[in-house]
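>>> I need the structure of the sequence given here:
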Amino acid sequence: MNRVRIPLRSIADTFCKLKSHEHGRRNVIGSLELCRTLATINGNLFLGYGEESTSKSLQVQIVDALRWGERSRASKLLSVLVNGNQSLKADDFVYILNHCARSPDPLFVMETWRLMEEKEICLNNKCCFLMVRALSRGGYLTEACNLIKFLGENHGIYPLLPVYNCFLGACAKMQSAIHANQCLELMECRRVGKNEITYSELLKLAVWQQNLSSVREIWKDYIKHYSLNIISLRKFIWSFTRLKDLKSAYETLQHMVALAISGKLFVISTAEGRLYSSRLDIPIPSKGESGSPKVKLEKNEQCLDLKVGTDASNIDKSKSVSATVGMLNNCKSSPAMKVLRWSFNDLLHACAQARDYGLAEQLVALMQNLGLQPSSHTYDGFVRAIIPARGFSAGMKMLKVMEERNMKPHASTLAALSVQCSKALELDLAESLLDQVCECSHPYPYNAFLGACDTMDQPERAVRLLAKMRQLNVQPDIRTYELLFSLFGNVNAPYEEGNILSQVDSIKRIRAMEMDMAKNGVQHSHLSMKNLLKALGAEGMTRELLQYLHIAENLFCHTNTYLGPPIYNTVLHSLVEAEEGHIAIEIFKNMKSCGFQPNAATYNVMIDCCSTIRCLRSAYALVSMMVRDGFYPETMTYTALIKILLAYGNFDEALNLLDQASLEGYQLDVLLYNTILKKASEKGRIDIIEFIVERMHQNKVQPDPSTCHYVFSAYVDGGFNNTAMEALQVLSLWMISYEDCILEEKKREFEDDFVLSEYLEAESRIIQVFKDCDEHLAAALLNLRWCAILRFPISWSPNRSQWARGLTNNYDSTRTKLEA
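Residues are numbered from 1 along each chain as shown. Reported below is the predicted structural model:
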């Protein structure tokens with residue numbers, strides 16, 4: 001917590017002007033006064049005044065002025081109080097200092113103390129505590145520490161343990177290890193000792209520092225001097241879970257459950273609802289052998305020996321405890337049960353972070369056996385722990401259970417479930433869950449949904465989600481914009497080429513997204529820039545593509561960030577697709593001259609570029625450079641080389657290269673085969689087409705819509721219409737599957753309602769299959785329906801087709817002819 005620091009006269013200067021005073025009270029009496037004051041201050045009572053006086057009235061006026069922000073009036077009233085005729089004591093300032101400690105108002109504390117010193121009014125432990133509290137809470141840790149030191153060394157007052165605990169608590173809150181160490185050294189030097197509150201503040205500091213070993217040392221030291229109680233055990237469980245030590249947290253929870261079963265709860269609640277231990281908390285001397293030995297569970301304290309694991313024997317063992325915990329049913333609503341439930345919740349949320357669904361399930365089973373009613377917070381941790389492994393369906397079951405119990409799920413529960421649904425591409429359910437989220441501080445669940453929309457190519461859903469984010473004031477992060485550029489950067493791609501209208505629309509979208517990035521203070525990442533460049537390339541905007549490449553180079557140069565091959569590869573690929581090979585070559589040369597090391601994808605793109613400029617020699621030179629740089633040719637490398645050979649009409653060398661790739665063990669894909677089929681179709685080489693189709697069949701490479709197009713066009717152009725329809729039917733079925741059993745299942749599912757249906761809605765249903773991202777199945781069904789409309793008989797056994805059997809029978813002879 002950073003506060004505006006107003007220039008003050010150094011507290012050290014103030015200390016120099018202090019005069020030593022004789023104190024009429026002993027420190028032991030001061031201790032009793034402090035205990036009485038702390039007990040009454042926490043209850044908001046006005047203490048420290050033995051009789052009605054004008055000082056009491058003035059103090060009330062001073063505090064009222066401070067509450068209304070009238071500081072000058074408060075200062076004048078304080079001056080009147082100090083300069084009055086009545087004799088003042090330290091107790092006459094407790095009400096003012098108490099207000100300053102609660103506010104906090106460290107500046108007015110300094111002013112009050114200065115006037116008290118001028119009038120030689122002696123401080124006591126009550127005032128010392130409140131002053132330290134005000135300075136600490138106000139962020140003046142150095143001044144508070146100096147005050148503690150000074151009072152003990154020069155003023156005859158030795159601050160008691162609550163003062164040090166208050167200061168340690170402020171150090172933990174403001175995350176100041178330096179001041180905390182100074183305080184601990186001072187406590188050790190003055191032999192102040194420690195109590196349970198001290199341990200609590202030390203735990204907070206250790207957790208902030210992510211120091212698990214310190215927490216374990218604090219635990220060892222604690223159990224040397226204290227018997228176990230539920231309040232302290234909860235604090236240790238909280239610490240262990242925050243530091244991801246599930247084993248220690250679970251072992252500590254076992255002690256807590258054992259105490260609850262034995263009835264040793266010692267927890268009561270204040271009027272404000274705060275829980276604390278009813279045991280007497282006696283400070284521990286800092287040195288010496290005093291203190292009780294390490295506490296062991298007594299015979300009547302049953303220890304739950306449950307291993308951290310998920311096997312059924314452990315859960316069955318926990319069920320056996322239910323016979324001994326009947327006494328807990330009578331105190332389900334007691335403060336101790338609240339503390340017990342909180343500790344279970346802490347451990348469940350730690351399980352969610354560690355994705356330990358087994359332990360989470362074991363904890364919930366134990367809660368049921370103990371009669372602990374789960375809260376919404378309990379279900380939040382449990383659901384988030386189990387859904388990564390059990391799937392979103394398990395989380396939906398828990399939501400149903402909560403609904404039956406009239407419990408409202410947390411926003412984090414709904415968000416986590418939505419993320420899992422987005423990962424499973426269940427967009428309807430994911431969107432429905434996000435609609436129930438009333439507040440969310442992080443865009444992560446929305447980003448997961450945007451990613452699913454990008455995968456499913458459903459930008460219209462993303463528009464609705466963006467409206468929801470703006471409604472909830474969810475701040476987008478760089479991941480949000482990375483996905484937005486991918487979703488909305490291009491208009492027509494991937495199924496249509498860009499035109500003037502789509503290009504204008506695309507650039508407007510990109511500029512709008514960049515303006516929103518600037519508004520939210522988000523800078524481009526490599527991925528967001530890559531997606532932007534990819535969108536420009538998809539729309540065919542070469543000029544804008546090059547402009548943004550230069551912007552990216554300047555942007556990442558100023559941030560000392562390596563631009564990297566992926567961005568260059570995106571630009572090079574777009575240029576090659578636009579048949580701007582010479583520009584791509586210039587960028588590749590500049591990339592090399594600037595020290596950017598190409599990767600395998602870069603070389604593959606440039607080899608593909610050589611097919612555009614029809615330069616086989618340059619392609620082989622690039623392959624040589626690729627190998628020298630430690631990259632071996634890939635399937636796409638062979639595809640690019642074959643494309644160049646086919647550009648020269650050299651089918652023989654192209655087929656030889658195909659054989660070489662197969663012999664070297666490369667997984668040949670449909671894109672490579674389609675490269676040959678396309679050129680063969682253009683040249684009317686039906687022999688090569690039939691050879692390649694059968695080779696695909698033997699290698700279990702399924703055809704795609706392009707394969708069907710090239711084969712069908714070749715037969716039609718040759719005047720073999722019946723063969724074209726038969727080949728189209730066979731390839732469409734192979735596009736669904738090569739397995740007869742699967743085709744039989746698809747026949748029952750699709751033949752009557754999709755292929756042979758006489759209703760116009762059949763095409764709409766097929767289009768819906770396409771929208772559901774099953775492009776090949778949709779294309780196959782449309783082809784089959786077209787064959788049926790033209791009155792060609794539909795057979796779902798493609799291997800029995802005369803054309804298919806002819807491919808198999810003629811494969812070897814065709815191969816021999818091609819090799820001759």
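>>> which stretches of the stretch 701-820 of the chain form helices?
Applying DSSP state H, counting those that start in this stretch to the stretch 701-820 of the chain gives helices spanning 705-717, 721-736, 740-750, 761-771, 775-789, 802-819.
>>> and the next helix or strand past the one helix or strand Leu545 maps to?
Per DSSP states H and E, Leu545 falls inside helix 542-558. Reading on from helix 542-558 to the C-terminus, the next helix or strand found by DSSP H and E is helix 565-577.
>>> contacts for that next one?
526, 529-530, 533-534, 536-538, 542, 545-546, 549, 552, 581, 583-584, 587-588, 591, 596-599, 601-602, 605-606, 608-609, 612 (CB atoms under 8 Å, 6 or more residues apart in numbering). All C-beta atoms are positioned from the backbone trio N, CA, C, and that covers glycine.
>>> how far does stretch 436-450 sit from the chain's center?
11 Å (CA atoms, centre = their mean, to the nearest Å).
>>> distance of Leu663 from Asn656?
Separation of Leu663 from Asn656 (CB to CB, to the nearest Å): 11 Å.
>>> these two - which one has more neighbours?
Asn656 (15 against 8; other CB atoms under 10 Å).
>>> before we move on, the earlier item: deepest-packed of the helices of the stretch 701-820 of the chain, please.
Most buried of the helices of the stretch 701-820 of the chain by mean neighbour count (mean count of other CB atoms under 10 Å) is helix 721-736; its value is a mean of 22.
>>> starting at the chain centroid, how far to that one?
Remark: helix 721-736 is offset 49 Å from the chain centroid, using CA atoms, centre = their mean.
>>> what helix or strand does the residue of the chain positioned farthest from its centre sit in?
Most distant residue from the mean C-alpha position of the chain: Asn85, 65.0 Å away (CA atoms, centre = their mean). Asn85 is part of no helix or strand, with elements assigned from DSSP H and E.
>>> per-residue pLDDT, it?
With respect to pLDDT, Asn85 has a value of 74.
>>> how far away is it from Ser55?
Asn85 is 11 Å from Ser55, by CB to CB.
>>> do the same with Ala538
From Ala538 to Ser55 the distance is 80 Å (CB to CB).
>>> which of the contacts of helix 565-577 are buried?
526, 529-530, 533-534, 536-538, 542, 545-546, 549, 552, 581, 583-584, 587-588, 591, 596, 598-599, 601-602, 605-606, 608-609, 612 (16 or more other CB atoms under 10 Å).
>>> just those: which are in helices?
With DSSP state H as the criterion, helices contain 526, 529-530, 533-534, 536-538, 542, 545-546, 549, 552, 581, 583-584, 587-588, 591, 601-602, 605-606, 608-609, 612 from among those.
>>> what would the helices of the stretch 701-820 of the chain look like in a markdown table with mean pLDDT and distance to Trp113?
Listed next are the helices of the stretch 701-820 of the chain as a markdown table, based on pLDDT from 0 to 100; distance: least, CB to CB, whole Å:
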| stretch | mean pLDDT | distance to Trp113 |
| --- | --- | --- |
| helix 705-717 | 96 | 85 |
| helix 721-736 | 95 | 87 |
| helix 740-750 | 91 | 86 |
| helix 761-771 | 81 | 75 |
| helix 775-789 | 91 | 79 |
| helix 802-819 | 89 | 99 |
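>>> what's the closest of the ones you listed to Val63?
helix 761-771 (68.7 Å; CB to CB).
>>> am I right that Thr480 is in contact with Gly451?
No. If you go by CB atoms under 8 Å, Thr480 and Gly451 don't touch, sitting 10.1 Å apart.
>>> pick out whichever of the two has more residues nearby.
Using other CB under 10 Å as the criterion, Thr480 and Gly451 rank with Thr480 on top: 24 against 20.
>>> before we move on, which element is the more buried one in?
helix 478-488.
>>> by contact count, what packs against that helix?
helix 444-456, helix 459-471, helix 500-519, helix 526-538 (3 or more CB pairs under 8 Å, 6 or more residues apart in numbering; DSSP states H and E).
>>> and the last one, what does it pack against?
Right, the one you point to is helix 526-538. helix 478-488, helix 500-519, helix 542-558, helix 565-577.
>>> rank the ones you listed by pLDDT, which is bottom?
Among those, helix 542-558 carries the lowest mean pLDDT (a mean of 90).
>>> can you list contacts of it?
Against helix 542-558 from outside (CB under 8 Å, 6+ apart): 507, 523-524, 526, 529, 532-533, 536-537, 562-563, 567, 571, 574-575, 578, 580, 583, 587.
>>> show me where the chain has its strands.
Per DSSP state E, the chain carries strands over the ranges 267-269, 275-277.
>>> who's in contact with the closest residue to Lys747 other than its chain neighbours?
Residue nearest to Lys747 in three dimensions, not counting chain neighbours: Trp796, with 4.3 Å by CB to CB, 6 or more residues apart in numbering. Neighbour list for Trp796: Leu733, Leu743, Glu744, Lys746, Lys747, Glu751 [criterion: CB under 8 Å, 6+ apart].
>>> turn the helices and strands packed on helix 526-538 into JSON lines, including distance to Arg695.
Shown next, in JSON lines, are the helices and strands packed on helix 526-538 (distance: least, CB to CB, whole Å):
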{"stretch": "helix 478-488", "distance to Arg695": "36"}
{"stretch": "helix 500-519", "distance to Arg695": "39"}
{"stretch": "helix 542-558", "distance to Arg695": "38"}
{"stretch": "helix 565-577", "distance to Arg695": "27"}
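>>> nearest to Glu819, out of those helices?
Comparing the helices and strands packed on helix 526-538 by CB to CB, helix 565-577 comes nearest, at 32.3 Å.
>>> can I get the CA coordinates of that closest one in PDB?
Extracted in PDB, the C-alpha atoms of helix 565-577 (Å, rounded to 0.1, in the frame of the first residue of the first chain):
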ATOM      1  CA  PRO A 565      10.900 -16.400 -38.000                       C
ATOM      2  CA  PRO A 566       7.100 -16.900 -37.400                       C
ATOM      3  CA  ILE A 567       6.300 -13.300 -38.400                       C
ATOM      4  CA  TYR A 568       8.600 -13.400 -41.400                       C
ATOM      5  CA  ASN A 569       7.200 -16.700 -42.400                       C
ATOM      6  CA  THR A 570       3.600 -15.400 -42.300                       C
ATOM      7  CA  VAL A 571       4.600 -12.500 -44.600                       C
ATOM      8  CA  LEU A 572       6.600 -14.700 -46.900                       C
ATOM      9  CA  HIS A 573       3.800 -17.200 -47.200                       C
ATOM     10  CA  SER A 574       1.300 -14.500 -48.000                       C
ATOM     11  CA  LEU A 575       3.500 -13.000 -50.700                       C
ATOM     12  CA  VAL A 576       4.100 -16.400 -52.300                       C
ATOM     13  CA  GLU A 577       0.300 -17.000 -52.300                       C
END
